[in-house]
Every structure is written in structure tokens, then in C-alpha cells.
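Asks: just coords:
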């Protein structure tokens, strides 16, 4: 007996069975353009995985502001057809099994809290550093969605004239550099340019780490988590923690009266985080 766990993305839908903390029967399908085709893909996925194991429920990770109260995905995403109607009920009627639905960043956080780098902590914050900055707030090992389902939307914080999503995203960093210099570098290449002495690249990298450090420092003193976990593609870079700790030290020294340095660490799970976290969310809802 196992769960079917599904991670809905803008371009692909990943899926697997989940049993006793392990994923199996993995697969990927292209994300459809319409709701009818979307439902068809889900039916095909269930049929495929059911051939390998008996399923007891379906756990879904998706973009958007998920309301646990009414099973509606509010907000906006690259998939406008999934929003603003009782999609959880629709899934259960379509698939004939209990369903849980949770935001993708929250699922990634739940994976770490349940099985990964956050499993030994009760209160933590989770950053997703990618095209923008997303995240999650976990208190007493539970996701805190907030009164308006905006808990963990750290990217909206203003850092001077720009939001954190603009100043601390490696993707936006590269876009800004390319616009100024008529180049086509990606984020990883901008970091390499900075290491090689390119002053303009160094300035962009410094802005990224300064902004991220300020946000982490502010949130540490606002919510006082035990640890702050960092995910996204950049979390795999060896330089992330040393550079961020150096930037945090600068902020700490500026404050002067600060007595506590934020504890930071990278996440253990990468591509499978949303699948694992969606399963953890289902199990928590149905325990």
C-alpha cells in the first residue's frame, strides 16, 4: 500500500509512489495547456502507478496559494486553469481516492522537516532561491499559511527600491547583468565572472548576498526560528554558506546590539523535495 505523490510544475508533472519514506515508480509528463487535458494526465498517472502498487491516497504539490479550508488554489501561476475553484474535491471525484493539496514551497519545507535537514527542529524558516524568492514558515513542525495564505512569501520584502525576489535571485542577477552588458550569461556564469575579477559581476553578486543576508537577519529577529534552510539551485553551490555567513556578519556588526547570529544550512533534498513533502502533508492530514 502506498501513496501516489505528484509535483505539478509549469512545464512538467513529476510523480512517484511513496511508501515508508521512499519514492518508487517515478515518472514525468508534460504539463498540459487545458484543465481537461490536465485531468486526463492525472488519470493516466494513477492508472500507470496503480499497476505497480495499491494506492491509498494522492498527495499533490502545486504552485499557488493553497487554502486547506476549502480546497481551492488561490493566487496566480503559470497554470491559470487550476485556480479559484474547489480543485481538491474535483480531484477526489475524478480519482476516487483521498487527496491532499499543498503549495510547492511548503511541500519542499515539509520534506526537510519530516525527513531531511529540518527533522531535528520544531521552528524553522525555509527559503527557495530561484527565479524569485519563495519560502515557508514552519512552527511546531507545521506549515503556517497566514491569515491571507501569504506565509513564507519572503520575496515580496522590500530591499531598498527592489523586492527581495529582484535583488536576491540568481536568475534576475544574470538578467540584470545581461541587460547592462548585452550578454547572455546565466547565474552560474555570473558567479564565475565575479570570481575571475569582473567588477560588474562582483557588484551584482554582492547585492544578492547583501539582500539575502538582510532578509534572513530580519526574519531571525522577527520570528526567532531555530534554523533557516536554503533550497533552490544555488543551494548546491559550495560557496553559498561561506559567502552568506560573511554577509550576515556584516549585517550583525552594523546592528551592534544584536546578540544572535542566524543559523543557516542547505536542504538535503533537491529534485524530489516536492514529491516527498506532498506525501508528508498527506500523512499529516490523515494521521
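Replies: Arrived safely. Just so it is clear, the model here is predicted, and its values are computed rather than measured. Numbering: from 1, shown residues only.
Asks: Around residue 28, count how many other residues there are.
Replies: Burial of residue 28 is recorded as 14 neighbouring residues (other C-beta atoms under 10 Å). All C-beta atoms are positioned from the backbone trio N, CA, C, and that covers glycine.
Asks: tell me which element it is part of?
Replies: Using DSSP states H and E, residue 28 sits within strand 22-30.
Asks: Go ahead and measure how far that strand is from the middle of the chain.
Replies: Distance of strand 22-30 from its chain centroid, counting by C-alpha atoms, centre = their mean, to the nearest Å, is 19 Å.
Asks: go on, stretch 175-195?
Replies: With C-alpha atoms, centre = their mean, you get 24 Å for stretch 175-195.
Asks: Tell me the buried residues in it?
Replies: Within stretch 175-195, the residues that qualify as buried are 175, 176, 177, 185, 187, 190, 191, 193, 194, counting by 16 or more other C-beta atoms under 10 Å.
Asks: Now do the SS call for the fourth one.
Replies: State at residue 185, reduced to three classes by DSSP: H, G, I helix; E, B strand; the rest coil: coil.
Asks: Settle this for me: it is touching residue 177, isn't it.
Replies: Yes. Using C-beta atoms under 8 Å, residue 185 is in contact with residue 177, at 6.3 Å.
Asks: Touching, residue 119 and residue 109? I think so.
Replies: No. Residue 119 lies out of contact with residue 109 (C-beta under 8 Å); the separation is 11.8 Å.
Asks: out of the two, which sits in the busier spot?
Replies: Taking other C-beta under 10 Å, residue 119 and residue 109 do not tie; residue 109 has more neighbours (33 against 12).
Asks: Is the residue positioned nearest the centre of the chain inside a helix or a strand, and which specific one?
Replies: Nearest residue to the geometric centre of the chain (C-alpha atoms, centre = their mean): residue 105, 2.9 Å. In the assignment (DSSP H and E), residue 105 maps to helix 104-115.
Asks: and that helix, how far out from the chain's middle?
Replies: For helix 104-115, the distance to the chain centre is 8 Å (C-alpha atoms, centre = their mean).
Asks: Report all helices and strands that it contacts.
Replies: Packing partners of helix 104-115 (3 or more C-beta pairs under 8 Å, 6 or more residues apart in numbering; DSSP states H and E): strand 2-8, strand 55-62, strand 124-129, strand 133-139, strand 142-143, strand 227-231, helix 273-285.
Asks: so what secondary structure elements neighbour the last one?
Replies: This points to helix 273-285. Against helix 273-285 (3+ C-beta pairs under 8 Å, 6+ apart) you get strand 2-8, strand 12-19, strand 55-62, strand 99-103, helix 104-115.
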